[in-house]
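# Attaching a predicted model along with its sequence, questions to come.
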Amino acid sequence: MEWQRLLCDDRIRSYRGSGSNDLRTEFEKDYHRIIQSASFRRLQDKTQVFPLDRSDFIRTRLTHSLEVSSYGKSLGQNIAQHIIQIIGDKSFLPSYAADICNILQCAGLLHDIGNPPFGHFGETVIRDWFRKNLQLITYKGKALTDLLTPQMQQDFCAFEGNTQALRLVTKLHYLVDEHGMNLTKALLGTIMKYPVSSLEINKESGDIKTKKMGYFYADREVFAQVQEALGTEGSRHPLSYILEAADDIAYLTADIEDAFKKGCISFHDLLKELRLAGTSAVDDDYNRLVQKLEDKYKRAVDKGENAPEEYAVQNWIVQVQGFLIAGATDGFAENYQAIMAGTHTRGLLSGTGGERMAYVLGDIAYRYAFVSKPILKLEIAAEKILSFLLDEFVHAVLYYDTDQKQTAVQEKLMALISRNYLTIYHHYSKDKSETEKLYLRLLLVTDDICGMTDSYAKRLYQELSGQWQG
């Protein structure tokens, strides 16, 4: 792969600003398109880990995305310097350093923009609902599994917010026309972390790019156009590795901090868990970093801090972030040739000093926060909300835009779906086969639900199910 092509600033719909006084690059223009969008603003009411949390400290998808954006830019700065000064790749021009930082900053803002309400559990509910119901729902006397192609079916059964993000920014976010935000192809390539279809998912392959799907059947032409322009040819864009590392660093450290603030884990339990996972090597980076957590606590006590545990955890988290950023930078530099050849199969922290810390933090967060009773209760409630909405809207769209009349209730449900999404459906379903139109109508449901915030989904469920609020 070549950096000149990888940093392509063309758009799906050709556009160049006519204002001679606009000195922004195309990638800087992407940034302003994103932060001014309603889709980005809605992330402030979408779950990161703790659904519908009342605390103003706990992270939402918005604050998480801002953090990923920040780490992405920092990693971009470090890695660009390594490519120029240490690796010495002459094809990487000095001006590219600013470009990759701007692209990664934007990609961080976008990476979760397609996620449904209630965090990653929302994705699980959507997948499980379709796996259960595709064979039970009939259209003109035939089960959906007998009508939809294997890829169409798998698009729903393997549903992913990453895939929805690409769909949202290239089509659904209606600004001027059917091209969504019409972002640069380099940015689109960066957020496509998994350049495979739903039929090519292979979690056992050992190659990170086949872990999840990267595009829906409905968006195959956009995917192909971006891949051709960038010259990635089925491989991951090199910046996708950096985006993923930024995401890992953000959530691994934030989940621990949020779990501590929520009282899911105490300072002493955290220190104990970290020590138990350590190695016996005296000079091990992991052990030294764990020791710094205890040192910060002792320092806080000596200084007379009112909350020494909180002081220690929050300051230690910042140090861990720096440690992981350095590890990801080393991971990119050490695997540079394989990454550029499209043959690297693992994340940037794999095989670095940060790998153990990343694994341990993830394990602690899962055991102390993700399976805690408050989270489990909220996820059970989220399942009821999303399953109800899927039940209602999927049956409402089945005969929409067909010669068969809908019921009065189904017509009212259709009136609740975003007019922009309906416009996009009609544009892309024109002249399509009956099967593809049916598939696009089902996508219309997942499009609409993924556009909902946690609060809106909860409120709509209460209203449609007759649970009137006083």
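Arrived safely, thanks for sending. Numbers count the residues shown, from 1 in each chain.

# Touching, N78 and D330? I think so.
No: N78 is beyond contact range of D330, at 9.4 Å (criterion: CB atoms under 8 Å). Backbone N, C-alpha and C define where each C-beta goes, glycine included.

# What separation do you get for A396 and Y217?
According to CB to CB, to the nearest Å, A396 stands 22 Å off from Y217.

# So which residues of the stretch 351-470 of the chain form strands?
With DSSP state E, counting those that start in this stretch, there are no strands along the stretch 351-470 of the chain.

# which sections of it are below the confidence cut-off?
468-470 (pLDDT under 70).

# tell me the helices in it, going along the chain?
Remark: helices assigned in the stretch 351-470 of the chain by DSSP state H, counting those that start in this stretch are 354-365, 373-397, 408-416, 419-429, 434-450, 454-464.

# Show me which residues of the last one are buried.
Translated: helix 454-464. For helix 454-464, burial by neighbour count (16 or more other CB atoms under 10 Å) applies to 454, 457-458, 460-461, 464.

# what's the closest of those to W3?
D454 (39.9 Å; CB to CB).

# tell me the pLDDT at K292?
Looking at K292, its pLDDT reads 95.

# Report how many residues lie close to it.
By the measure other CB atoms under 10 Å, the count of residues near K292 is 17.

# what inclination does the helix or strand hosting it have with respect to helix 354-365?
Using DSSP states H and E, K292 sits in helix 285-303. With axes from the mean of the first three to the mean of the last three CA atoms, to 10 degrees as the basis, helix 285-303 and helix 354-365 are set at 60 degrees to each other.

# what comes into contact with helix 285-303?
267, 270-271, 274-275, 278-279, 281, 308-309, 311-313, 315-316, 319-320, 323, 353, 356-357, 360 (CB atoms under 8 Å, 6 or more residues apart in numbering).

# which ones are touching D447?
164, 167-168, 172, 418, 421, 424.

# let's go with 10 Å and repeat that
114, 164, 167-168, 171-172, 218, 417-418, 420-422, 424-425, 440 (CB atoms under 10 Å, 6 or more residues apart in numbering).

# what's the most distant pair in the residues you listed?
Distance extremes for the contacts of D447: the farthest pair is G114 and L422 at 18.5 Å, using CB to CB.

# Look at the two and report which has more neighbours.
A count of neighbours by other CB under 10 Å puts G114 above the other of G114 and L422, at 24 against 17.

# Need phi/psi at the more buried one.
Main-chain torsions, G114, degrees, to the nearest 10: phi -90, psi 0.

# Now do the contacts for it.
39, 123, 160-169, 172, 191, 446-447, 450-451.

# T253 now?
T253 is in contact with 67, 71, 316-321, 323-324, 357-358, 361, 365, counting by CB under 10 Å, 6+ apart.

# Quick check: the residue nearest to Q410 when sequence neighbours are not counted vs V68, distance?
Counting by CB to CB, 6 or more residues apart in numbering, A396 is the residue found nearest to Q410 once chain neighbours are left out, at 4.2 Å. Per CB to CB, A396 is found 35 Å from V68.

# Select, out of the helices of the stretch 351-470 of the chain, the one closest to R5.
Here helix 419-429 is closest among these (CB to CB), at 27.8 Å.

# List the contacts of the closest one.
With contacts defined as CB under 10 Å, 6+ apart, helix 419-429 is touched by 38, 167, 171-175, 177-178, 180, 218-219, 221, 397, 400-401, 414-415, 417-418, 436-441, 443-445, 447-448, 451.

# So in the protein, which helix runs the longest?
In the chain, with assignment by DSSP state H, the single longest helix is helix 308-334.

# Which segments of this protein make up each domain?
Recorded structural domains for the chain (assignment: automatic domain parsing) are 3-237, 239-373, 374-464.

# Check the offset of the longest one from the chain's centre.
The chain centroid and the centroid of domain 3-237 are separated by 7 Å, computed with CA atoms, centre = their mean, to the nearest Å.
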